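*Asks:* what follows is a predicted protein model with its sequence.
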Amino acid sequence: MVGDKLRRIPTLWNPSSGVATLLLRQGAGTVALLIGILLSIPGIPGPGFVLIFLGLLLLDFPGKRRLITRFSGQRWFRVTRVFLRKRLRILLEMKPPIVTQDPE
């Protein structure tokens, strides 16, 4: 087992965490996405869709929040989150967007 403690990975980038964190996440997300696509080819064993999912969550792109919201109700999304949490000890923090009210 990797460890007893869950590693927390926020799905949305926080600007206060720094540019180095952004570059590291973008790099890790791209590598995970490419390996996931390779593993999802028929005939090659491996958790391809799990790595594609993890890569998409690590990458930052426009419309990501809407995509996560749309997929969060799907069964395969929940199964993948449970797989990441129980097998790989990775907890994806999916915080809802902060909506500010205009004082009008």
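*Replies:* That came in fine, so what should we check first?
*Asks:* stretch 35-45 spans what distance, first to last residue?
*Replies:* 12 Å (CA to CA, to the nearest Å).
*Asks:* also stretch 53-62?
*Replies:* Using CA to CA, one end of stretch 53-62 lies 16 Å from the other.
*Asks:* and the strands in this structure?
*Replies:* All strands of the chain, identified by DSSP state E, fall at 7-10, 90-93.
*Asks:* what's the least confident stretch among those strands?
*Replies:* Of all these, mean pLDDT reaches its minimum on strand 7-10 (a mean of 68).
*Asks:* give me the low-pLDDT residue ranges for this protein?
*Replies:* Residues of the chain meeting the criterion pLDDT under 70: 1-4, 6-17, 93-104.
*Asks:* where is the longest helix in it?
*Replies:* As assigned by DSSP state H, the longest helix anywhere in the chain is helix 19-39.
*Asks:* any idea how far that one is from the chain center?
*Replies:* Helix 19-39 sits 10 Å away from the centroid of its parent chain (CA atoms, centre = their mean, to the nearest Å).
*Asks:* and Ala20, how far is that from Gln26?
*Replies:* Note on Ala20: its distance to Gln26, by CB to CB, to the nearest Å, is 11 Å. Placement of C-beta: from N, CA and C, glycine included.
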